[in-house]
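>>> Build me a model from this:
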Amino acid sequence: MLARTRDFWEEVRGGRLFVTGGTGFFGMWLIETFLWANQALDLNAEMVVLSRDPQAFRRRMPHLAGRPNLALYAGDVRSFDFPTGPFSHVIHAANHPYGEGNAGMLDVMVRGTRHTLDFARHCGAKKFLFASSGSVYGPQPVELSHVDEQYQVLSNVADPRFTHAHGKRLGERLCVLYDRWYGFEAKIARGFAFVGPYLPLNANYAAGNFLRDALAGEPIIVRGDGTPYRSYLYAADMTVWLWTILFRGQRCRPYNVGSSEAISIGDLAQTVATAVNPRVPVRILERREAGRPVERYVPDCRRAAEELGLRQEIGLVEGIRRTLRWHALSRRTVANAVSTVAATCPVASDRGTDPYRTTLRSCAALLASASPTGTSFSKESCNG
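Sure, this is the predicted structure:
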């Protein structure tokens, strides 16, 4: 990442960045890469991350929470109190929380975007990055293999399936208006589909669900007929694209962020199944209906390539392998950590070693099979 973005980072030297959505997929990668660049280039910059629950973030990501150049700031994206002091860059990567319904989703997306834009104006930010989505295009026509940034379609406003699309469109419009009214540079990144560490395994993402099944050694379940086409950009590439758009992208000009290499959902499942050893079976639950149009969600990324020099460096197969290795390493870390606690924990030694160590080692195995991240455990965590 640093080799491809090194020339950009000088503009944040000694500065402060504010990020919403820091606990999401985009946010976690932005945090990790910022901290790496900050240390490697001695930038002496600070990142402030908005979180509805900073304590939960600290428990989930202890290796990040204690970093001196990272500050967690409690608040809801729709109403947070503005942090004091200037910020040079604001990144709005917050997404809607699951379970709030369509009205709640739209409220979070629109009010959250406007409130964050108000903060960017208040703090004197020079640049603002809005993490939009390829959903703004609506259903991709069957005859269109790849959708570019100039394609426009008006979705049915009465169809609740397009609530997310309308929320992102409104967010983009707000960015353009604030750019014109208040002078800071608004940048727009339309994300498509991705694979990599921190991708949720239990959310509504086919790649994450397939990885979850494969990691558990279970059959990969394709709940449809496997014919829809997607494309997947590895998270390290995604992060390079996001930073490049923030630093070098044209203001108010959307850029697709994704891969142009299309793959069917059925073939994606087979690719994931083949990447684990032993290989797991794939079960496609529905048969394709004759004459049914094939759904596509695949970007045309020529604008990003021609204007910003961006390209996909890591292919899908390698991206899947890297993601699986990361999960395997994380689970071993959990198992080793809890096993260490089992060997040294005063609870175990004080109350009769064998039953408690056996229980803790069983917990280690369970946590290793369930935890997607390298959660940290200490002696204190098992007291009582």
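>>> got the residue ranges for the strands in the stretch 151-300 of the chain?
For the stretch 151-300 of the chain, the strands defined by DSSP state E, counting those that start in this stretch cover 185-191, 194-195, 220-222, 229-230, 233-234, 254-257, 263-264, 282-284.
>>> strands paired with the fifth one, and their directions?
What it means is strand 233-234. strand 194-195 (parallel) (DSSP bridges).
>>> What lies in contact with the partner strand?
Contact with strand 194-195 is made by 25, 207, 211, 232-235, 238, 258, 316, 319-320, 323, as judged by CB atoms under 8 Å, 6 or more residues apart in numbering. C-beta: built from backbone N, CA, C; applies to glycine.
>>> which among these end up buried?
Neighbour-count burial (16 or more other CB atoms under 10 Å) is assigned, among those, to 25, 207, 211, 232-235, 238, 258, 316, 319-320, 323.
>>> from the residues you listed, which ones fall inside helices?
Judged by DSSP state H, helices contain the following of the buried ones among the contacts of strand 194-195: 25, 207, 211, 235, 238, 316, 319, 320, 323.
>>> Let me know the distance separating residue 218 from residue 329.
20 Å (CB to CB, to the nearest Å).
>>> now residue 36
18 Å.
>>> same check, this time on residue 252
In terms of CB to CB, residue 252 sits 41 Å off from residue 329.
>>> before we move on, back to that, the buried ones among the contacts of strand 194-195: which two are farthest apart?
211 and 258 (18.1 Å; CB to CB).
>>> which intervals of the stretch 1-150 of the chain have sub-threshold pLDDT?
97-99 (pLDDT under 70).
>>> residue ranges of the helices in it, please?
2-5, 25-40, 54-60, 62-65, 101-123 (DSSP state H, counting those that start in this stretch).
>>> Nearest approach to residue 148 belongs to which of those helices?
Using CB to CB, the nearest of the helices of the stretch 1-150 of the chain to residue 148 is helix 25-40, at 21.8 Å.
>>> List the contacts of residue 78.
By CB under 8 Å, 6+ apart, the neighbours of residue 78 are 107, 108, 111, 112, 115.
>>> Just put those residues in JSON lines and tack on neighbour count and distance to residue 42.
Shown next, in JSON lines, are the contacts of residue 78 (neighbours: other CB atoms under 10 Å; distance: CB to CB, whole Å):
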{"residue": "107", "neighbour count": "15", "distance to residue 42": "42"}
{"residue": "108", "neighbour count": "19", "distance to residue 42": "37"}
{"residue": "111", "neighbour count": "14", "distance to residue 42": "38"}
{"residue": "112", "neighbour count": "24", "distance to residue 42": "34"}
{"residue": "115", "neighbour count": "19", "distance to residue 42": "33"}
